[in-house]
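In: Got a sequence here, can you build the structure:
(one chain, ligands or ions: 2)
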Amino acid sequence: MVLERLQQMASHITGQAVQHHPSDPLSTEEIAAAVAIVRQEYSDLFYNAVTLWEPRKMEMMRWLASPKTAPRPHRVADVVAIGRGSKVYDGLVDLDEGKIVRWELTEGVQPLITMEDLQIVESVVRKDPKVIEQCGLVGIPPQDMHKVYCDPWTIGYDERFGSSVRLQQALMYYRPHPDDSQYTYPLDFCPIFNADTQEIIHIDVPKVRRPLNTAPPINYHADAVAKDTGFRNDLKPINITQPEGVSFTVDGRTLSWQNWNVHVGFNYREGIVLSNITFNDKGNVRPVFWRMSLAEMVVPYGNPEHPHQRKHAFDLGEYGGGYMTNSLALGCDCKGAIHYMDAAFVNRAGEPQVIKNAICIHEEDAGILFKHTDFRDDSCTVTRARKLVVSHVFTAANYEYCVYWIFHQDGTIQLEIKLTGILNTYSLNPGESAAPWGTEVYPGVNAHNHQHLFCLRLDPNVDGQANTVFQVDAVQGEGAVGSEENFYGNAFYAKKTKMATMSTGMSDYDGSTSRTWEMANTNKMNPYSKKPVSYKLVSREVPSLLPKDGSLVWKRAGFARHAVHVTKYSDDQLHPAGRHVPQTSGEPSQGIPAWIAADPEGNLDNTDVVLWHTFGLTHFPSPEDYPVMPAEPMTVLLRPRNFFTQNPALDVPPSFSSTPSQVAAGKTGIKAIVDNLSRLAFGGKQEKGGSNDCGCK
Ligand code: ABN
Ligand code: CU
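Out: Ligands and ions are numbered 1, 2, ... in the order given. Now for the predicted structure:
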């Protein structure tokens, strides 16, 4: 009876009443149904994740090609649950069938740490006698333990404790006043928390002790700034208006804008997932990417003193970029005419939770799209660009990561990430130098050197699934000066190297050759250039992983060993550092290195491939980054190359366009999209002299 009811509940959800697109994230009802189905058979669990198990690619492609006749992919929940004794269960629940289709006890792994897991640690730390004793040593009396805070990271990996027990390391701080930033007052010891028994099992106490900082607080919130320097008062409002509304449409979670069509998914781990991305090329709907997401990241810190080697956060795999997502605010995080999408997750107790306004979708002016002036007569065409931005922001304890997926009118897709928030800090002795492994960013505050390395997962679908990746280097012609083929020595060309097999399909960045990577369909040539249609990955912020080969980070973050890895497509290969990342030892390395080791000769030529790109920055902190960092942007571009037969944005209406003959006849050209709001900054009239407002004739 109960099972029947659950089946009805599940089929009601997936049936006619609420018909989800197969790539839509699970709704709150579906999350509740999945948990109810699991509870029928397994009680006494807490829930770590209940998320969409994405449809298998072939099944999904068949359904997309003929949605009326092909079977609709079932809605399936991917469940991670934790039982007593840190037992981890991985399961699949088919919501259409109303039943569990896979349930496994997975040994020796630890699933990610949720925000709820984090909250527990601080209260335990404050009551622990050994922590109270350590606090006493730096002058914090027991009655002030409410002023002690911690950022409870996963332990990462510590060889003394292994992986069988779920552990967290508590990075300790003190707040003199509830409104002060604790990062100015780091404590030098590090308690280890057992998440299963909810107790402190050990405290790492450094050999060299460091005191509690005595510097005055430095804060960034408005109250503090108002009391300190006050605010600058020379800013006038800037407003973005779209008087006739937005130029995109949303059908469910499918977005259409300026020839682009894309499904916007979201999950607890990667955050935004874009799939089935197509571009309408003059009526021909051409596939470009099957799926793209930010799949992983690692932030290794560079101080060799124990236990800072453990400070290397995998913010997606260990905490979840989706779980840490902010609820965005109109006019603050997002300016203009905004469409929001919510995100639904499970909580520890198995109840659905919603983050309102998790994804922001809006258009922005993007400067000049193209322009040319004929210097002979000043006849001119100038066309302004706009872009469509799909974004979310997540808070990874001290840091904020703002993720912007940007679509451009010329067929380019851009991923921009802005880094802001607060530096991770550590204590300093009076007179001690923070160099060379860190910087004293404020008196008594040591911010360690670190890297932010992101792993972008690109599943290309460039005019079809059969794609090939080429490394492209700008190199000199081979012939020496004076030789027949390069007599003047000026020759250079784009040297393309095929990434042909799994074991050779990896490559590092080389700025000296302006290295890029092309995802090409070699079965389809551009009729003009006779080159394969392709999308090019252009990325210039690509530091190499600084932890040495063989180090803990190198072993755990195999994806970060190279700027690019190419692998054969597999439905289950989504997580480049493994499915469960906390407490992996890296022996053997999970994710990309394991997939390559399993199929070293795997063919990557003219087949379904995935490109994994690691990019980011190396951060040597400085006082300008404190007490809160001004946002630092990073960009990756995916540009059509030999994909179109001309500039695909020529049909964007210009702001102004005149031809030489119009100028000769004294006629003004065409003014198309010009707002009537732009005006001279300091009043007065624009000098005309035969020019239009754009300065062209
Ligand atoms: N940056 C590491 C982290 C993220 C979230 C919560 C705790 C720690
Ligand atoms: Cu940083």
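
In: C-alpha only now, for contacts and for neighbours.
Out: Will do.

In: Please tell me how far the residue of the chain at minimum distance from ligand 1 sits from residue 194.
Out: Residue nearest to ligand 1 within the chain (Cα to the nearest ligand atom): residue 396, separated by 3.8 Å. According to Cα to Cα, to the nearest Å, residue 396 and residue 194 sit 21 Å apart.

In: So which of the two has more stuff around it?
Out: Taking other Cα atoms under 10 Å, residue 396 and residue 194 do not tie; residue 396 has more neighbours (22 against 19).

In: Report the contact partners of the more buried one.
Out: Neighbouring residues of residue 396 by Cα atoms under 8 Å, 6 or more residues apart in numbering: 315, 319, 321, 324.

In: Tell me the residues of this structure that contact ligand 1?
Out: Taking Cα under 6 Å from any ligand atom as the test, the list of the chain residues beside ligand 1 reads 151, 152, 153, 313, 315, 319, 396, 397.

In: the helices in the stretch 101-250 of the chain, which residues?
Out: 115-127, 129-137, 222-227 (DSSP state H, counting those that start in this stretch).

In: Format the contacts of residue 396 as CSV; extra columns: pLDDT and distance to residue 423.
Out: Listed next are those as CSV, based on pLDDT from 0 to 100; distance: Cα to Cα, whole Å:
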residue, pLDDT, distance to residue 423
315, 98, 15
319, 98, 18
321, 98, 18
324, 98, 17
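
In: What are the buried residues along the one helix or strand residue 367 maps to?
Out: Assigned by DSSP states H and E, residue 367 belongs to strand 352-373. Burial within strand 352-373, assessed by neighbour count using 16 or more other Cα atoms under 10 Å, is assigned to 352, 355-364, 369, 373.

In: and the residue of the chain closest to ligand 1, bridged to which residues?
Out: On the basis of DSSP bridges, residue 396 is bridged to residue 399.

In: quick one, what contacts residue 312?
Out: 156, 298, 299, 300, 301, 553.

In: Show only the entries of these found in helices.
Out: Among the contacts of residue 312, the members falling in helices (DSSP state H) are residue 553.

In: Mind putting the contacts of residue 312 into CSV with neighbour count and pLDDT?
Out: What follows is the contacts of residue 312, written out as CSV (neighbours: other Cα atoms under 10 Å; pLDDT from 0 to 100):
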residue, neighbour count, pLDDT
156, 24, 97
298, 28, 98
299, 21, 98
300, 27, 98
301, 26, 98
553, 28, 98
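
In: From the contacts of residue 312, which land in strands?
Out: 298, 299, 300 (DSSP state E).

In: Check what pLDDT the closest residue to the first one other than its chain neighbours gets.
Out: If I follow you right, that is residue 298. Computed as Cα to Cα, 6 or more residues apart in numbering, the closest residue to residue 298 that is not its neighbour in sequence is residue 314, at 4.3 Å. pLDDT for residue 314: 98.

In: Ok, residue 60 next?
Out: For residue 60, the model assigns a pLDDT of 98.

In: how about it, what does it touch?
Out: 22, 72, 73.

In: hmm, try it at 7 Å
Out: Counting by Cα atoms under 7 Å, 6 or more residues apart in numbering, residue 60 touches residue 73.

In: Next, it: secondary structure please.
Out: Here residue 60 takes the helix state, with states given by DSSP: H, G, I helix; E, B strand; the rest coil.

In: Which element, helix or strand, includes the most centrally placed residue in the chain?
Out: The residue lying closest to the centre of the chain (Cα atoms, centre = their mean) is residue 294, at 4.0 Å. Take DSSP H and E as the rule and residue 294 turns out to sit in strand 284-300.

In: for residue 637, same thing?
Out: Counting by DSSP H and E, residue 637 is part of strand 629-641.

In: Whatever helix or strand comes next after that strand - contacts with which helices or strands?
Out: Using DSSP H and E, the helix or strand that directly follows strand 629-641 along the chain is strand 656-657. On a contact count with 3 or more Cα pairs under 7 Å, 6 or more residues apart in numbering; DSSP states H and E, strand 656-657 meets strand 380-396, strand 670-671.

In: ok, for residue 631, nearest residue in space, not its chain neighbours?
Out: residue 420 (4.5 Å).

In: Run a quick neighbour tally on the one you found.
Out: Residues near residue 420, counting by other Cα under 10 Å, number 19.

In: quick one: it is in a strand?
Out: Yes. Using three-state DSSP, the assignment for residue 420 is a strand.

In: I'd assumed residue 629 was in contact with it.
Out: Yes. Residue 420 is within contact range of residue 629, at 5.1 Å (criterion: Cα atoms under 7 Å).

In: Return every residue with contacts to both of these two.
Out: Joint contacts of residue 420 and residue 629 (Cα under 7 Å, 6+ apart) do not exist.

In: burial of residue 137, as a residue count?
Out: Residues lying near residue 137 (other Cα under 10 Å) number 13.

In: tell me which element residue 523 falls in.
Out: Using DSSP H and E, residue 523 sits in strand 516-525.

In: and the angle from that strand to strand 629-641?
Out: 30 degrees (axes from the mean of the first three to the mean of the last three Cα atoms, to 10 degrees).

In: Pairing partners for the helix or strand following strand 516-525, with directions?
Out: For strand 516-525, the succeeding helix or strand toward the C-terminus, using DSSP H and E, is strand 532-539. When pairing is defined by DSSP bridges, strand 532-539 lines up against strand 516-525 (antiparallel), strand 629-641 (antiparallel).

In: For strand 532-539, output the C-alpha coordinates as PDB.
Out: Provided in PDB are the C-alpha atoms of strand 532-539 (Å, rounded to 0.1, in the frame of the first residue of the first chain):
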ATOM      1  CA  PRO A 532      37.400  22.200 -39.800                       C
ATOM      2  CA  VAL A 533      34.600  24.000 -38.000                       C
ATOM      3  CA  SER A 534      35.700  24.500 -34.400                       C
ATOM      4  CA  TYR A 535      35.400  26.300 -31.100                       C
ATOM      5  CA  LYS A 536      38.600  27.600 -29.600                       C
ATOM      6  CA  LEU A 537      39.400  27.700 -25.900                       C
ATOM      7  CA  VAL A 538      41.300  31.000 -25.300                       C
ATOM      8  CA  SER A 539      42.500  31.200 -21.700                       C
END
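
In: and the residue nearest to residue 298, what does it touch?
Out: Residues near residue 314 by Cα under 7 Å, 6+ apart: 296, 297, 298, 299.

In: where does it fall, phi/psi-wise?
Out: Per-residue torsions, residue 314: phi -100, psi 90 (degrees, to the nearest 10).

In: Pull up the gap between it and residue 131, please.
Out: Distance from residue 314 to residue 131, counting by Cα to Cα: 27 Å.

In: go on, residue 659?
Out: Note on residue 659: its distance to residue 131, by Cα to Cα, is 77 Å.

In: The residue nearest to residue 24 when sequence neighbours are not counted: what's it in contact with?
Out: Setting aside the residues directly before and after it, residue 24 is nearest to residue 265 in space (Cα to Cα, 6+ apart), at 5.7 Å. Applying Cα under 7 Å, 6+ apart, we find residue 265 in contact with 23, 24, 25, 272, 273, 274.

In: export those to a markdown table and tack on neighbour count and pLDDT?
Out: Below are these laid out as a markdown table (neighbours: other Cα under 10 Å; pLDDT from 0 to 100):
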| residue | neighbour count | pLDDT |
| --- | --- | --- |
| 23 | 23 | 98 |
| 24 | 19 | 98 |
| 25 | 26 | 98 |
| 272 | 26 | 98 |
| 273 | 22 | 98 |
| 274 | 22 | 98 |
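
In: TSV for those residues, including secondary structure?
Out: Listed next are those as TSV, based on three-state DSSP:
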residue	secondary structure
23	coil
24	coil
25	coil
272	strand
273	strand
274	strand
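
In: Now flag whichever of those is closest to residue 575.
Out: Set against residue 575, the nearest of the contacts of residue 265 by Cα to Cα is residue 273 (13.1 Å).

In: Quick one: residues contacting the closest one.
Out: 264, 265, 266, 292, 293.
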